[in-house]
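Colleague: Predicted model follows, preceded by the sequence.
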Amino acid sequence: MKKVSVIIAVYNTEEFLVECLDSVMNQTYRNLEIILINDASTDHSATILNEVAGRDERVICIQNEGRKGVGAARNLGLDQATGEFVYFLDSDDFIALDTIGRLVENIGEYEMLTGKRIRLKNKEDSKIDNMVDEEVDDGMEIEEGEEKVEDAHVRLRRGVQRTFRGMSALHILFSHDFIKKNQLRFSEKVDCYSDLAFITPVIKKLDTFPFLTRCYYFKRRRNDPISNPALMQLDREKKVSDFLLIYNHLQDLYGTDERVSSYLDWLFLNIYRKQVIMIFSDNNRIGEFFNELATAVEKVDLSKTKKLNVVVKRELKLLQERKTDSYKKLIGFHHFARNTKRAVKGRQKLYIQLYRSVFMNKPLKEKTIVFESFLGKNYSDSPKYIYEYMVKNNLDYEYVWIFNEPGKELPGNAKQVKRFSLAYYYYLATSKYWVSNSRLPLKLNKREGNVYLQTWHGTPLKKLVFDMNDIYSANPNYKKHFFNQSRRWDYLISPNQYSSDIFRSAFKYEKDMLEFGYPRNDILYQNDNEEYISGLKERLDIPRDKKVILYAPTWRDDEFYEPGKYKFALKMDLKKMREQLGNDYVVLLRMHYFIADEIDTEGMDGFVYNFSKYDDIAELYLISDLLITDYSSVFFDYANLKRPILFFTYDLEKYRDTLRGFYIDIETEVPGPLVKTTDEIIDAVTNIEQVKVQYQDIYDDFYAKYCAWDNGKAAENVVKTVFGTDVKKP
């Protein structure tokens, strides 16, 4: 059995590293030399590598004292390699358990052999056995540029672009003699695209590129490109700069070789159309790259650009001629034409283009405020109470409320605008102030002079954004999108010191924090009296001779139909609760707005009242004698009333250990018992006075930590800070 040197460069990949190494060390092919180069990681990667080296004699662990980059790390691995074959693997990826064995078995006299790369979006996709089982014998039909050899699973590709379109040396078994004979090395001059220096000589030397079907490499897409990005998740400017440097260098070395030059030109044109042009949407950025870009274009064979549109061809010609002013004008026209073409494809695209090119150029309305709550679903939460304070005090502003369905009864004379209508874009583009408790769409550029007050919508129990390792949601770009959206916030409201500390970490937020408590909780101090509560019950048609249980659970990240559309299965036996509690209690359901449409209460009339679409949950708090929740932040707000709380945590282990994780120990710190069945709920409600006594001390400590800033004046303090004179927090 010939030895295979597996080379893995490692930099800050502790959350993926164990799975990567396990996939290598458990290969069915055992004659491996596993060379691990830790490129000065600052996380716990070094500890993991040392532990692995200590228990497997096949492992060689090299620790760089200073970071040298992935190219230098792989070159160091090549210097150490003693195997007849060499295989490169990224430390955040992994391979099927038979991958190396199948490559060795089929490489024969070829100098290289590659297989199939499968891209993963989420960590739950990383079930090696399942992924392999789901794959069929893909591509048994011969594609253009391929031919079968004697082994039906090996194809000979002649197309360079198909084999090396990823510009990567990963998942290729190379003959070590071939590497040494041709002095193949990775570039140490760039961070991105360092593999190009290694693979261009391969393209020059080989006529065909054998490919093995059903041989799998799992390429992970990291879900946090902000805190710890993969190289290809770095910003566009860095990638373009590195590409131009390596492109110019390799064209100088291999430009006389037709295949290499054509391949490099093909890469350049792709980078130009997809990356460079996008950077130049800001005309002022052209000067940063013009000279390097022009130098590169001088090496491009423009006679092979017949398939490019006439505008791009003219741009390249102007670059070759170094006509900066003419190039800038043409790029401006390019983006105008591009935006116009996009705008005519649909109403929303047209509105967005008008927002950016027309409305944002109108004068800013200094005294206009746009309010939105829960993506336009209702009139509620902190934006409502900030608005009502301003109306009550006759402040000199014009108000605009965004709703999915305008026509709500509001105090004051606010203009109501339908979300995503033309007026929606007009007012967001021209109003100085935005007030929202959730994220506004990324497509809404924030103009200079605009002030964005983010009220947020709860004290965090569940891990948020950058405090989460894995994202099990419908949107694999969640962290990236959240980061870009939150960069627009100028003020963020915090209800307590605990939340302030988390918001700084989880949101990477560095601007002004308004530490006054939540305006939405003002009502819990101002209207917690019998007269107001009795009138509210009458208005909502709730029996005044019965006590009220409010059930307000959260949504589950992993339960969804499609991106943005979540589902929920009610685990509470309402029929049994009605039989045993119906004489004394009624139940109000208030589901998270993501899942408000998913609850069926048929047959529960007179006992169950579905208020999932009721605008203001704070009013439901006031009329409730008891709260049942799970991992929703509602209990932090409800605790201001010092009334009993039960925690229906039937899926605690899954939610805590898999989906989100918690900031606090929910089993010891929350101000009420954890119940997991309907029978336990009924027992706790029946003996609620005993529960109150049992949890009194915990409740007192909880109130002191999480409710101390709320005093009924949060809206006043926020308004004075953002729209008037500053005030001190209580």
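Modeller: Cool, got the structure.
Colleague: all contacts plus neighbour counts: C-alpha atoms, from now on.
Modeller: OK.
Colleague: just the strands in the stretch 251-400 of the chain please.
Modeller: Counting by DSSP state E, counting those that start in this stretch, the stretch 251-400 of the chain has these strands, from start to end: 365-372, 398-403.
Colleague: Give me the buried positions along the helix or strand that the last one is followed by.
Modeller: Later in the chain than strand 398-403, the nearest helix or strand by DSSP states H and E is strand 415-418. Taking 16 or more other CA atoms under 10 Å as the neighbour-count basis, strand 415-418 is seen to contain the buried residues 416-418.
Colleague: now stretch 662-677
Modeller: For stretch 662-677, a neighbour-count test (16+ other CA under 10 Å) marks 662, 666, 670-676 as buried.
Colleague: Next: stretch 334-350.
Modeller: Of the residues in stretch 334-350, those buried by neighbour count under the rule 16+ other CA under 10 Å are 334-335, 339, 343, 349-350.
Colleague: just to revisit the earlier point, okay, the strands of the stretch 251-400 of the chain, which one's buried deepest?
Modeller: Looking across these with neighbours counted as mean count of other CA atoms under 10 Å, the highest average goes to strand 398-403: a mean of 22.
Colleague: Might you calculate how far it sits from the centre of the chain?
Modeller: How far strand 398-403 lies from its chain's middle: 29 Å, per CA atoms, centre = their mean, to the nearest Å.
Colleague: ok, and what's touching it?
Modeller: Taking CA atoms under 8 Å, 6 or more residues apart in numbering as the criterion, the residues outside strand 398-403 that touch it are 367-373, 375-378, 413-419, 424, 427.
Colleague: circling back: specify which member of the buried residues of stretch 334-350 is nearest to G603.
Modeller: Nearest to G603 out of these is K349 (CA to CA; 44.7 Å).
Colleague: Spatially nearest residue to the closest one (excluding sequence neighbours)?
Modeller: Here the nearest residue to K349 in space, its sequence neighbours aside, is A343; by CA to CA, 6 or more residues apart in numbering that works out to 4.7 Å.
Colleague: For that neighbour, give me its contacts.
Modeller: A343 sits in contact with 349-353, where contact means CA under 8 Å, 6+ apart.
Colleague: For the residue lying closest to I203 once chain neighbours are set aside, give its distance to T208.
Modeller: Residue nearest to I203 in three dimensions, not counting chain neighbours: V260, with 6.3 Å by CA to CA, 6+ apart. When CA to CA, to the nearest Å is applied, the distance between V260 and T208 equals 13 Å.
Colleague: Have a look at these two and say which one is more surrounded.
Modeller: When neighbours are counted by other CA atoms under 10 Å, V260 and T208 differ, and V260 comes out ahead with 22 against 19.
Colleague: mind listing what that one touches?
Modeller: Contacts of V260 were listed using CA under 8 Å, 6+ apart, and they are 200, 203-204, 254.
Colleague: For these, pick the one with the most neighbours.
Modeller: Neighbour count (other CA under 10 Å) singles out T200 as the most crowded of those, with 22 neighbours.
Colleague: Could you confirm it falls within a helix?
Modeller: Yes - looking at T200 with DSSP: H, G, I helix; E, B strand; the rest coil, it is inside a helix.
Colleague: Leaving out chain neighbours, which residue sits closest to it?
Modeller: In space, and not counting its chain neighbours, T200 is closest to V260: 6.3 Å by CA to CA, 6+ apart.
Colleague: pLDDT weak spots in the stretch 501-650 of the chain?
Modeller: Low-confidence segments of the stretch 501-650 of the chain (pLDDT under 70): 555-569, 592-601.
Colleague: show me where it has strands.
Modeller: Going by DSSP E, counting those that start in this stretch, the stretch 501-650 of the chain shows strands at 512-515, 547-551, 560-562, 565-566, 585-589, 608-610, 626-629, 645-648.
Colleague: distance between the following helix or strand past the last one and the chain's centre?
Modeller: By that I understand strand 645-648. Toward the C-terminus, strand 645-648 is succeeded by helix 652-654 as the next helix or strand (DSSP H and E). Relative to its chain's centre, helix 652-654 lies at 23 Å (CA atoms, centre = their mean).
Colleague: List the buried residues for helix 652-654?
Modeller: Buried residues in helix 652-654, counted by 16+ other CA under 10 Å: L652.
Colleague: Give me the mean pLDDT for the helix or strand just after it.
Modeller: Of the helices and strands lying after helix 652-654 in sequence (DSSP H and E), the nearest is helix 666-669. Mean per-residue pLDDT for helix 666-669: 89.
Colleague: With only the CA atoms kept, save helix 666-669 in PDB.
Modeller: Coordinates of each C-alpha in helix 666-669 appear next as PDB, following Å, rounded to 0.1, in the frame of the first residue of the first chain:
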ATOM      1  CA  ILE A 666     -32.800  28.000  32.600                       C
ATOM      2  CA  GLU A 667     -33.100  25.100  35.000                       C
ATOM      3  CA  THR A 668     -32.000  27.100  38.000                       C
ATOM      4  CA  GLU A 669     -32.400  30.900  37.300                       C
END
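Colleague: So for this protein, the centremost residue is which one?
Modeller: By CA atoms, centre = their mean, the chain has its centre lying nearest to Y478, at 2.0 Å.
Colleague: wait, isn't that one in contact with I226?
Modeller: No - with contact defined as CA atoms under 8 Å, Y478 and I226 do not form a contacting pair (11.0 Å).
Colleague: Common neighbours of the two, please.
Modeller: By CA under 8 Å, 6+ apart, no residue touches both Y478 and I226.
Colleague: got a list of contacts for stretch 97-117?
Modeller: Counting contacts by CA under 8 Å, 6+ apart, the residues touching stretch 97-117 from outside are 23-24, 26-29, 128, 154, 171-175, 178, 209-219.
Colleague: redo that, cut-off 6 Å
Modeller: Contacts with stretch 97-117, where a contact means CA atoms under 6 Å, 6 or more residues apart in numbering, come from 27-29, 171-175, 210-213, 215-218.
Colleague: Okay, buried residues for that stretch please.
Modeller: By neighbour count, with 16+ other CA under 10 Å as the criterion, the buried positions of stretch 97-117 are 97-104, 106-107, 111-116.
Colleague: do the same with stretch 228-246
Modeller: Neighbour-count burial for stretch 228-246 flags 229-230, 233, 237, 239-246 (criterion: 16+ other CA under 10 Å).
Colleague: List the ones among the residues you listed that fall in helices.
Modeller: Within the buried residues of stretch 228-246, residues falling in helices by DSSP state H are 237, 239-246.
Colleague: Export the buried residues of stretch 334-350 to JSON lines and append columns for distance to G458 and pLDDT.
Modeller: Formatted as JSON lines, the entries for the buried residues of stretch 334-350 read as follows, by distance: CA to CA, whole Å; pLDDT from 0 to 100:
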{"residue": "H334", "distance to G458": "45", "pLDDT": "92"}
{"residue": "H335", "distance to G458": "41", "pLDDT": "90"}
{"residue": "N339", "distance to G458": "38", "pLDDT": "89"}
{"residue": "A343", "distance to G458": "37", "pLDDT": "88"}
{"residue": "K349", "distance to G458": "33", "pLDDT": "93"}
{"residue": "L350", "distance to G458": "35", "pLDDT": "94"}
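Colleague: what about the strands in the stretch 51-200 of the chain?
Modeller: Across the stretch 51-200 of the chain, reading from the start of the chain, the strands by DSSP E, counting those that start in this stretch fall at 59-63, 85-88, 94-95, 112-120, 146-148, 154-157, 172-175.
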